[in-house]
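Undergrad: my questions concern the predicted model and sequence given below.
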Amino acid sequence: MTPFSNSFFFRIFALCESSSFDAVGQRMEIDSSRVMINIERFGNTTAATIPLLLWEAESKLKKGDDIILAAFGAGFTWGAMWLKWAY
């Protein structure tokens, strides 16, 4: 187990297909209970995926939690950030 995999409360990923989630989680040795995914319920919501996931996770988050947000789009577009939950 890598130190990185346990140091964050949640990882929130926005990927275009669900098989990508499994590959990322396995490669990073992340416990699946700490990865938020909503593609099964909402489909590919593009730019709304991360805000929707944060809204769903809000009741589980507490002040000071570290969260990784990562999104991968079509072609070579991607973005990521690390944030500390403020409330």
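TA: Great, that's in hand.
Undergrad: I'd like the mean pLDDT over stretch 58-75, please.
TA: The average pLDDT within stretch 58-75 is 82.
Undergrad: next one: that stretch to chain centre, how far?
TA: On the basis of Cα atoms, centre = their mean, to the nearest Å, stretch 58-75 sits 5 Å off its chain's mean C-alpha point.
Undergrad: what helix or strand is Ile67 on?
TA: strand 66-72 (DSSP states H and E).
Undergrad: tell me which residues in that strand are buried?
TA: Ile67, Ile68, Leu69, Ala70, Ala71, Phe72 (16 or more other Cβ atoms under 10 Å). C-beta coordinates here come from the backbone N, C-alpha and C atoms, glycine included.
Undergrad: nearest residue to the last one in space, please, no chain neighbours.
TA: Distance criterion Cβ to Cβ, 6 or more residues apart in numbering; nearest residue to Phe72, sequence neighbours excluded, is Trp78 at 4.8 Å.
Undergrad: for the one you found, what are its contacts?
TA: Counting by Cβ atoms under 8 Å, 6 or more residues apart in numbering, Trp78 touches Ala70, Ala71, Phe72.
Undergrad: ok so, going back, can I get the strand holding Ile67 in PDB, CA atoms only?
TA: Only the C-alpha atoms of strand 66-72 are listed here, as PDB (Å, rounded to 0.1, in the frame of the first residue of the first chain):
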ATOM      1  CA  ASP A  66      -8.000  16.400   2.300                       C
ATOM      2  CA  ILE A  67      -9.600  15.700  -1.100                       C
ATOM      3  CA  ILE A  68      -8.200  15.100  -4.500                       C
ATOM      4  CA  LEU A  69     -10.300  16.200  -7.500                       C
ATOM      5  CA  ALA A  70      -9.300  14.900 -10.900                       C
ATOM      6  CA  ALA A  71     -11.000  15.100 -14.300                       C
ATOM      7  CA  PHE A  72     -10.100  13.600 -17.600                       C
END
